[in-house]
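A.B. asks: build the 3D model from these lines:
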Amino acid sequence: MTVPTIPVPTIPSEGNYALSRARIHASLAPGLSAPADPDGFALVDILVTDGRIAAIEAHGIARDAAGEIVDLARRIVMPCFVDCHTHLDKGHIWTRNPNPDGTFAGALAANGVDRIAYWSAEDVARRMDFALRSAYAHGTRAIRTHIDSTAPQDAISWPVFEEMRERWRGRIELQASCLTGIEAVRDEAWFTALADRMKAAGGVLGAVTYMLPDLDDLLDRMFRLAMERGLDLDFHADETGDMSAVSLRKIAEHALRTGFEGKILVGHCCALSRQPDTEVLDTLDKVARAGIAVVSLPMCNLYLQDRRGDGTTPRWRGVTLLHEMKARGIPVAVASDNTRDPFYAYGDLDMLEVYRMSTRILHLDHPVGDWPRTVAATPAEVMRLDGAGTLHAGGKADFVIFRGRSWTELLSRPEADRIVVRDGRAIDAVLPDYSELDDLMGLD
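C.D. replies: Residues are numbered from 1 along each chain as shown. Predicted coordinates for the structure are as follows:
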């Protein structure tokens, strides 16, 4: 029996062209006028002219287009991804300093040892570049990374980041937020200098919040410094199963009290899913009123949270309440977080994997709704990236063509043969080999 196969589409290397019979998700195509199926997909033709999207319309316009017509045979096309919470400076150190027991405490200790022993400018730069090449090959267009900024690492890593941002300009738009424990804000002179560095570097002011006795005072200082310098804020909050962790609520209260007008992104918020409903509702109402966005990191949270170390099975998933947040109009995203380091032993900055895992862990399905925005349009808005994360006429022709033709096909396989298109041309989407880092890892 002859089994029919669908030819692999070839994107022209020059000239204008039309993608015929593409399936795109309505939530990622503002202004689209085409009928969508129950999962939100529409069958369209996409005209590409001079590296930009000239038009997207219901299937049929391709026949009148100038240039080559490429039949996608109902393959799904998504805008290039936006990954708003990563740790490029930590990435790929697992071989040197693995997490001994998979716990959060084990991750902190292993990362601290590795940073002190190895994080020279060359080491950080090479691992960052390796990670960025992986993300680029997977179809990511923009990334925000947190940078460990405890002295003296801040003086090493920030110049590396600034150089990397320039090196990757035009391929991946890079942003960075400083990362230190909120207790570091007690050193007012040092933290003020760090805020000045963020202003000079075009960075975001960030910290990890814990339930410290003086947390309110420390948050007051952070908000004041951010407002004086026109900086956005980015927090790690309540990355624990401890029900008493309510720093998300405190961040929202400070935003409301100060009238903060910048963007605020808060990551993790795991403890929220352990708290009583009355406390949850109070927190979410304040977060919504404050205009705060929340990013969940499902893969890392699943890995670290409720790891018991006593041979028993974890009892909860470690993720936050994304459905309840979204229902209140809170902007929500999912992101990669850590990659092959003590906080998460796996991952490759592949946002399709992140979305696939998020769908299964957080039940972002039945209906699909507009959940696809969590890996593209919403993080782009949080990062102030106009035009990124969507497919629209006049926008850059930056998109990913998958083999899957439906949501279940797309999320059932790794899609390793995806076609990544930037400025209208297919890139050489080859992943770097791990052996490139062998000398850094002591494997030579």
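
A.B. asks: C-alpha only now, for contacts and for neighbours.
C.D. replies: Noted.

A.B. asks: once you drop chain neighbours, what's closest to residue 283?
C.D. replies: residue 249 (5.0 Å; Cα to Cα, 6 or more residues apart in numbering).

A.B. asks: buried ones in the lengthiest helix in the chain?
C.D. replies: Longest helix in the chain, counting residues (DSSP state H): helix 121-138. Neighbour-count burial for helix 121-138, counted by 16 or more other Cα atoms under 10 Å, picks out 121, 123-138.

A.B. asks: quick one: list the elements packing against it.
C.D. replies: If contacts are counted by 3 or more Cα pairs under 8 Å, 6 or more residues apart in numbering; DSSP states H and E, helix 121-138 sits against helix 153-168.

A.B. asks: neighbouring contacts of the helix it packs on?
C.D. replies: 89, 119-121, 124-125, 128-129, 147-149, 173-176, 201 (Cα atoms under 8 Å, 6 or more residues apart in numbering).

A.B. asks: which SSE is immediately downstream of the longest helix of the chain?
C.D. replies: strand 140-148 (DSSP states H and E).

A.B. asks: who's in contact with that next one?
C.D. replies: 80-89, 154, 157-158, 171-180, 350-351, 380, 383, 388, 398.

A.B. asks: 6 Å instead, please
C.D. replies: Under the criterion Cα atoms under 6 Å, 6 or more residues apart in numbering, residues 80-88, 172-179 lie in contact with strand 140-148.

A.B. asks: now it, how far from the centre of its chain.
C.D. replies: 7 Å (Cα atoms, centre = their mean, to the nearest Å).

A.B. asks: dump it to PDB, restricted to CA.
C.D. replies: Output of strand 140-148 as PDB, limited to C-alpha atoms (Å, rounded to 0.1, in the frame of the first residue of the first chain):
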ATOM      1  CA  THR A 140      12.600  32.400  19.800                       C
ATOM      2  CA  ARG A 141      12.800  36.100  18.900                       C
ATOM      3  CA  ALA A 142      13.100  37.800  22.300                       C
ATOM      4  CA  ILE A 143      14.400  36.800  25.800                       C
ATOM      5  CA  ARG A 144      14.500  38.400  29.200                       C
ATOM      6  CA  THR A 145      17.200  36.900  31.400                       C
ATOM      7  CA  HIS A 146      17.900  37.400  35.100                       C
ATOM      8  CA  ILE A 147      21.500  38.200  35.900                       C
ATOM      9  CA  ASP A 148      23.000  37.100  39.300                       C
END
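
A.B. asks: so which bits of that strand are buried?
C.D. replies: By neighbour count with 16+ other Cα under 10 Å, strand 140-148 contains the buried residues 140, 141, 142, 143, 144, 145, 146, 147, 148.

A.B. asks: please apply the same query to stretch 404-423.
C.D. replies: 404, 405, 407, 410, 411, 415, 418, 419, 420, 421, 422, 423.

A.B. asks: got TSV for those residues, with pLDDT, distance to residue 255 and secondary structure too?
C.D. replies: Below are those laid out as TSV (pLDDT from 0 to 100; distance: Cα to Cα, whole Å; DSSP: H, G, I helix; E, B strand; the rest coil):
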residue	pLDDT	distance to residue 255	secondary structure
404	98	42	coil
405	97	43	coil
407	95	38	helix
410	98	39	helix
411	98	37	coil
415	98	41	coil
418	98	42	coil
419	98	42	strand
420	98	39	strand
421	98	39	strand
422	98	38	strand
423	98	39	coil
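
A.B. asks: distance to residue 191 added to those residues, as JSON lines?
C.D. replies: Shown next, in JSON lines, are the buried residues of stretch 404-423 (distance: Cα to Cα, whole Å):
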{"residue": "404", "distance to residue 191": "48"}
{"residue": "405", "distance to residue 191": "50"}
{"residue": "407", "distance to residue 191": "46"}
{"residue": "410", "distance to residue 191": "45"}
{"residue": "411", "distance to residue 191": "43"}
{"residue": "415", "distance to residue 191": "44"}
{"residue": "418", "distance to residue 191": "44"}
{"residue": "419", "distance to residue 191": "44"}
{"residue": "420", "distance to residue 191": "41"}
{"residue": "421", "distance to residue 191": "41"}
{"residue": "422", "distance to residue 191": "39"}
{"residue": "423", "distance to residue 191": "40"}
